[in-house]
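*Asks:* below: sequence and its predicted model.
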Amino acid sequence: MLRIMRMTSFLLLALCIHVSAKTHSQDITLSVKNASLKEVFTVIKKQTGYYVFYKNDLLANARPVTLSVSAMPLEDFLTIMFRDQKLSYKIVDKTIMLFYKPDQPAVQPAAAAGGA
């Protein structure tokens, strides 16, 4: 009897983990050319239910995006979309929060090796 209870518990746990992973995996299918980020955010909301939170000044200098993806996981999609932007993102629950990428330190030229 104990063996049956352990097996049942294991199967229930495995089912819960599977369902949990499935709900967190949101896919995007999109094909746009020179679209504004606001347009893409509308598609993200429709396809995933995720909201995009940002201050309007963040999008002032954003470049238009050209993308064509099919059933791509949301995080992969966002990484590609923001690759050439000065923006980055963080996902909390069902909200995508935008912020400026931290400034990258300037690369110092390598010192010349040599003897005197």
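*Replies:* Yep, it's here.

*Asks:* what about the residue nearest to residue 64 when sequence neighbours are not counted, is that helix, strand or coil?
*Replies:* Nearest residue to residue 64, sequence neighbours excluded (CB to CB, 6 or more residues apart in numbering): residue 34, at 4.2 Å. All C-beta spots, glycine's among them, are computed from the backbone N, C-alpha and C. Classification of residue 34 using DSSP: H, G, I helix; E, B strand; the rest coil returns strand.

*Asks:* residues touching residue 34, list them.
*Replies:* Listed by CB atoms under 8 Å, 6 or more residues apart in numbering, the contact set of residue 34 reads 64-66.

*Asks:* ok, so of those residues, who is nearest residue 85?
*Replies:* Taking CB to CB as the measure, residue 85 lies nearest residue 65 of the contacts of residue 34, at 8.2 Å.

*Asks:* next, count neighbours for the closest one.
*Replies:* Each residue near residue 65 was counted by other CB atoms under 10 Å, and the total is 20.

*Asks:* who is it paired with across the strands?
*Replies:* residue 35 (DSSP bridges).

*Asks:* roughly how far apart are it and residue 30?
*Replies:* 10 Å (CB to CB, to the nearest Å).

*Asks:* okay, and the common contacts of those two?
*Replies:* Common contacts of residue 65 and residue 30 (CB under 8 Å, 6+ apart): residue 40.
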